[in-house]
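Asker: A predicted structure for the sequence below; I have some questions about it.
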Amino acid sequence: MRDLFCIKNGLVFFEGEFRELDILIEEDRITKIGKRLSGDENYDAKGCIVVPGLIDPHVHLREPGAEYKEDFFTGSRAAVAGGFTTVIDMPNNPIPTVNANRFNEKIALARKKAVCNVLFHFGGTDNNQGEAKKANAISMKIYLGKTTGELFLRKPDSLERHFQTFDGVFVFHASASEGNEREQIKKTVENIMAVGTLKKKYERKCHIAHISSVEELDAAKNFDLSTETAPHYLFLSSKDAEKLGKLGTVYPNLRSEDERRELLANLQRIDCIATDHAPHTMEDKEKGAHGFPGLETSLSLMLKLYWERTLSLEWIINAMSKNVASIFGLNEGEIKIGGNANLSIIDLKKEWRVVGNELYTKCKWSPFEGWLLKGKAKSVFVKGNLVYDDYSFL
């Protein structure tokens, strides 16, 4: 049996507020929360906040099929360095996750290499109804618009047949990429409304990925659909895309400055923050690949809004942990007795500059290159194990 481990002297996010508490860990569980606790080993979190391990519901770790961009080892290290203890990987690999065998193969690959918890969305196609249930997947990703890869529905009746056969969480790429900004947003809203209509008919849980405009958010909320956005839609606009050149391409596109500001003003209506971590090599970006890495910058960018007094710290932590867990039915996202000991210790005052070559992601670049940020994960516990300490891996 592993010795008792105690996290002491930190400001713990417990029951919705920050309190001066200690946390006792036995094996992979939290066994006690209180004051003046002590273990066989103690971790001094003085000057830091202790929060539930962050959860990212939208990452592309590229394995299998594109390991030269990222793999479960490098991608999970990037996650942990960003304060994440659980990520949910997308199915649109070159070898897509569209049947039970591929789903189980992906799980086995991650178990061998990942340093954090990795879960998986199943990929819906025109003809694989029933496979997600066979794989015991908790969620299915449906692509209603063309994106990286070829995993999207082409037949009008395919979506309804998935609603008839799968009772887990549906995650939608509803974003359109054709036409100008207004045309893209209009088509995206139409896609969201179609999802909402089927949600009402079949009473399924539906989640809309990468909201990039308030019109999309309004449409989703009209049908009680849960939503996510990514930090790049809050901090970057089409002006930045022009400056970044081929590094600035992403699905959906970065929006105009007016759209960005309006989305930021409505941010508290969105349920959770996701990174859409989509690493590409510089060579692939030069060839037109769409997507940004984001696992290592997401938390610090959101903390920028805390320091600017745009958001409360409590909202940020919930949007990056508890709310994600609630949407996908995970036993994560809260610090509680009996809960999983997945914890992040964050130094809110740690200043650091984004330098691509210093990131853990294999792609080694960021659209936020050179940005000075304040606040960073200092140490991370995964299943009770201290895997990252003092800003480096053990």
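Answerer: All right, it came through fine. In this text, all values refer to a predicted model and were calculated from it rather than measured experimentally.
Asker: all contacts plus neighbour counts: C-alpha atoms, from now on.
Answerer: Fine.
Asker: center of the chain, which residue is that?
Answerer: Asp56 (2.3 Å; CA atoms, centre = their mean).
Asker: my guess is Ser379 meets Ile346, correct?
Answerer: Yes. Judged on CA atoms under 8 Å, Ser379 makes contact with Ile346 at a distance of 7.1 Å.
Asker: which neighbours do these two have in common?
Answerer: When contacts are counted by CA atoms under 8 Å, 6 or more residues apart in numbering, the set common to Ser379 and Ile346 consists of Gly83.
Asker: before we move on, the earlier item: residue contacts, the residue nearest to the centre of the chain?
Answerer: Contacts for Asp56 (CA under 8 Å, 6+ apart) come out as 84, 86-88, 273-275, 320-321, 324.
Asker: can you say which of the residues you listed are buried?
Answerer: Of all the contacts of Asp56 considered here, the ones buried according to neighbour count by 16 or more other CA atoms under 10 Å are 84, 86-88, 273-275, 320-321, 324.
Asker: count the residues that sit near the nearest residue to Thr227 once chain neighbours are set aside.
Answerer: Spatial nearest neighbour of Thr227, excluding adjacent residues (CA to CA, 6 or more residues apart in numbering): Ile208 at 4.9 Å. The criterion is other CA atoms under 10 Å. On that basis, Ile208 has 23 neighbouring residues.
Asker: identify the bridge partners of Ile208.
Answerer: When bridges are assigned using DSSP bridges, the partners listed for Ile208 are Phe172, Thr227.
Asker: pLDDT at it, what is it?
Answerer: According to the model's per-residue confidence, Ile208 sits at a pLDDT of 98.
Asker: outside of the lengthiest helix in the chain, which residues touch it?
Answerer: Counting residues, the longest helix in the chain under DSSP state H turns out to be helix 181-202. Applying CA under 8 Å, 6+ apart, the set of residues contacting helix 181-202 from outside is 144, 160, 163-164, 174-178, 205-206, 208, 213, 215-216, 219-220, 223-225, 255.
Asker: cool, stretch 259-277 as well?
Answerer: By CA under 8 Å, 6+ apart, the list of residues contacting stretch 259-277 from outside reads 56-61, 210, 212-214, 217, 226-231, 233-237, 291-295, 298, 315, 318-320, 323-324.
Asker: do stretch 374-390 as well
Answerer: In contact with stretch 374-390 (CA under 8 Å, 6+ apart) are residues 25-29, 53, 80-83, 85, 115-117, 299-300, 303-304, 340-352, 391, 393-394.
Asker: can you check stretch 67-82 too?
Answerer: With CA under 8 Å, 6+ apart as the test, stretch 67-82 has contacts from 61-64, 85, 87, 109-110, 113-116, 118, 279-281, 295-299, 359-363, 376-377, 380, 388, 391-392.
Asker: helices along the stretch 251-394 of the chain, start to end?
Answerer: With DSSP state H, counting those that start in this stretch as the definition, the stretch 251-394 of the chain shows helices at residue ranges 257-265, 282-286, 298-307, 313-319, 322-328.
Asker: can you give me the buried ones in the last one?
Answerer: Of the residues in helix 322-328, those buried by neighbour count under the rule 16+ other CA under 10 Å are 322-325, 327-328.
Asker: quick check: mean pLDDT of it?
Answerer: Mean per-residue pLDDT for helix 322-328: 98.
Asker: which neighbouring elements make contact with that helix?
Answerer: For helix 322-328, the packing partners by 3 or more CA pairs under 8 Å, 6 or more residues apart in numbering; DSSP states H and E come out as strand 54-59.
Asker: state the mean pLDDT of the strand it packs on.
Answerer: Computed over strand 54-59, the mean pLDDT rounds to 98.
Asker: same question for stretch 367-382.
Answerer: Mean per-residue pLDDT for stretch 367-382: 98.
Asker: related to what we said a few turns ago, out of the buried ones among the contacts of Asp56, which is nearest to Glu334?
Answerer: Closest to Glu334 out of the buried ones among the contacts of Asp56 is Ser321 (7.3 Å), distances taken as CA to CA.
Asker: do you know how far that closest one is from Arg260?
Answerer: As for Ser321, its distance to Arg260 is 24 Å (criterion: CA to CA, to the nearest Å).
Asker: now do the longest helix of the chain against helix 257-265, angle only.
Answerer: Orientation of helix 181-202 against helix 257-265 (axes from the mean of the first three to the mean of the last three CA atoms, to 10 degrees) gives an angle of 40 degrees.
Asker: what separates helix 181-202 from the chain centre, distance-wise?
Answerer: Going by CA atoms, centre = their mean, to the nearest Å, the spacing between the C-alpha centre of helix 181-202 and its chain's C-alpha centre is 22 Å.
Asker: which parts of it are buried?
Answerer: Buried positions in helix 181-202, judged by neighbour count with 16+ other CA under 10 Å: 181, 184-185, 187-193, 195-196, 198-199.
Asker: quick one: residues contacting Trp371.
Answerer: 353-354.
Asker: what bridges to the residue nearest to the centre of the chain?
Answerer: Beta-bridge partners of Asp56, counted by DSSP bridges, are Val87.
Asker: same thing with Glu17?
Answerer: Here Glu17 sits in beta bridges with Phe14, as judged by DSSP bridges.
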